[in-house]
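Q: mind looking at a prediction? Sequence and model below.
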Amino acid sequence: MTFLLTRPAGVHGNSAHDSPTPQRHVRALVVSPELEARKPLLRTLEELRVDTLVCSGRAQAEEVLSKQPVEIVFCDERLPDGCYSDLIRPNRSERRAPRVVVTTRTGDWDLYFEALGKGAFDVIRCPWYATDVEMTIIRAVREEHGQTWSHDAAA
């Protein structure tokens, strides 16, 4: 099974973007059967210097999560073999589960409240704005470590 690390084919970084994202190692997992539609998200993660793993469904995602530490998961609301909620509370013996951010093309408030009610960390809508993705990662890292983190601290 092959997983793409950091730079999927056809995605190029923007060196003009100097992000104040934490300098610590942050690993994200993008779970989407529609990788072409996710290129802007992948590009943003690369610009933010986030190590990114990519897979197309729940089964692959569970395999990755069982073998590697991941701080944050960006997951489509629907997958060919399940949905985002399958990854929120996985049946693993891991101490903590990664923060799951549901990605959607709709602006459906019902989905937003449903996802948060099921334990999702956040819901973001396509098109993704780099600042929204960055703030979501910062909040996830801050919450994971139970600390206050600021842009100034990372500079």
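A: That came in fine, so what should we check first?
Q: C-alpha only now, for contacts and for neighbours.
A: Fine.
Q: and the lengthiest helix in the chain, what other elements does it pack with?
A: Ranked by number of residues, the top helix in the chain under DSSP state H is helix 130-145. Helices and strands touching helix 130-145, by 3 or more C-alpha pairs under 8 Å, 6 or more residues apart in numbering; DSSP states H and E, are helix 39-47.
Q: now the angle from the helix it packs on to helix 130-145?
A: Put simply, helix 39-47 runs at 60 degrees to helix 130-145, going by axes from the mean of the first three to the mean of the last three C-alpha atoms, to 10 degrees.
Q: run the chain-centre distance for helix 39-47.
A: Remark: helix 39-47 is offset 11 Å from the chain centroid, using C-alpha atoms, centre = their mean, to the nearest Å.
Q: residues in contact with the nearest residue to residue 59 once chain neighbours are set aside?
A: Excluding the flanking residues, the one nearest residue 59 by C-alpha to C-alpha, 6 or more residues apart in numbering is residue 81, at 7.2 Å. Residues near residue 81 by C-alpha atoms under 8 Å, 6 or more residues apart in numbering: 57-59.
Q: same thing but at 10 Å, please
A: Residue 81 makes contact with 33, 56-60, according to C-alpha atoms under 10 Å, 6 or more residues apart in numbering.
Q: now intersect these with the helices, please.
A: Per DSSP H, these map to helices at 58-60.
Q: so residue 51 sits against residue 28, correct?
A: Yes. Under the criterion of C-alpha atoms under 10 Å, residue 51 makes contact with residue 28 at 6.2 Å.
Q: comparing the two, which residue is more hemmed in?
A: Using other C-alpha atoms under 10 Å, the more surrounded residue of residue 51 and residue 28 is residue 28, with 24 against 16.
Q: what's the distance between the host helix or strand of that one and the middle of its chain?
A: According to DSSP states H and E, residue 28 maps onto strand 27-31. Offset of strand 27-31 from its chain centre (C-alpha atoms, centre = their mean): 5 Å.
Q: now the angle between helix 130-145 and that strand, please.
A: For strand 27-31 against helix 130-145, the angle by the same axes, to 10 degrees is 120 degrees.
Q: who are the packing partners of strand 27-31?
A: For strand 27-31, the packing partners by 3 or more C-alpha pairs under 10 Å, 6 or more residues apart in numbering; DSSP states H and E come out as strand 4-5, helix 39-47, strand 51-55, helix 58-67, strand 72-76, strand 99-104.
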